[in-house]
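S.K.: Model the structure of this input:
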Amino acid sequence: MNDSSGTNTQRPGIGGILAFIFVIVGLPTGMAFLVFYPPNLGFRIFDVSLFILSFFLVYVLLAVAILQTRRINVVQFTIFVVFSVSFLLAFLLAFAFVFRKLGILDGEGHRIFDPLTCIYFSVITWTTVGYGDFTPSPETRGYAAIEALLAYIFMAMLISGFLHVSARLRSDRAVKIPTTTEPPTA
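M.R.: Numbers count the residues shown, from 1 in each chain. The predicted structure follows:
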């Protein structure tokens, strides 16, 4: 559909809206359910690894698309923010699921499978704080290293996306509002 100026003003269809709702609510909720109630259906760590990798690639593509956009409106900015928060929650919960399935070690070397502790460990690993109260087990060391690496890349994309969007919104606003206050000539 075109408006009077000839620009394309299509509204998202029901499929786009449902996909948006699924990404915002469904993925983090599904991952949280898996962390607290891991199924005994043969759900493999490899499957979660593929999820993490594919979800990360989708986020990188979204961030690159935002960075290449010349004109950004508030809706695009909101979509970027919402997707970023949703992706962050899904990443943290996906890694918490891996840590729950394989176990992490407490300060005394005992293997821990508690879901809240695994979420805590995932957040601490993501932020690369590393208090030392829990450590990855030998099976989860690679996942902890990958989580920290993805966190750096994710945060770089997130911060550059925010800076790009805010600069574009500011420059668009400056073009629309004249700032010169020259006195009228008589």
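S.K.: alpha carbons only for contacts and neighbour counts from here, please
M.R.: Will do.
S.K.: Strands along this structure, start to end?
M.R.: Remark: strands assigned in the chain by DSSP state E are 104-106, 111-112, 134-136.
S.K.: now those as CSV including mean neighbour count, mean pLDDT and distance to residue 77?
M.R.: CSV is the format used below for the strands of the chain (neighbours: other Cα atoms under 10 Å; pLDDT from 0 to 100; distance: least, Cα to Cα, whole Å):
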stretch, mean neighbour count, mean pLDDT, distance to residue 77
strand 104-106, 20, 95, 38
strand 111-112, 18, 94, 40
strand 134-136, 21, 94, 36
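S.K.: Distance to residue 21 for these - can I get that in JSON lines?
M.R.: Output for the strands of the chain, formatted as JSON lines (distance: least, Cα to Cα, whole Å):
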{"stretch": "strand 104-106", "distance to residue 21": "33"}
{"stretch": "strand 111-112", "distance to residue 21": "34"}
{"stretch": "strand 134-136", "distance to residue 21": "34"}
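S.K.: Next one: the spatially most central residue of the chain relative to residue 58, how far apart?
M.R.: For the chain, the residue sitting closest to the mean C-alpha position, by Cα atoms, centre = their mean, is residue 87 at 2.6 Å. Computed with Cα to Cα, to the nearest Å, the distance linking residue 87 and residue 58 is 9 Å.
S.K.: and residue 155, which of the strands of the chain is closest to it?
M.R.: Residue 155 lies closest, by Cα to Cα, to one member of the strands of the chain: strand 134-136, at 22.3 Å.
S.K.: Give me the helices and strands touching that closest one, please.
M.R.: Under the contact criterion of 3 or more Cα pairs under 8 Å, 6 or more residues apart in numbering; DSSP states H and E, strand 134-136 touches strand 104-106.
S.K.: Direction included, what does the strand it packs on pair against?
M.R.: strand 111-112 (antiparallel), strand 134-136 (antiparallel) (DSSP bridges).
S.K.: possible to save those strands as TSV with distance to residue 165?
M.R.: Formatted as TSV, the strands paired with strand 104-106 follow (distance: least, Cα to Cα, whole Å):
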stretch	distance to residue 165
strand 111-112	42
strand 134-136	37
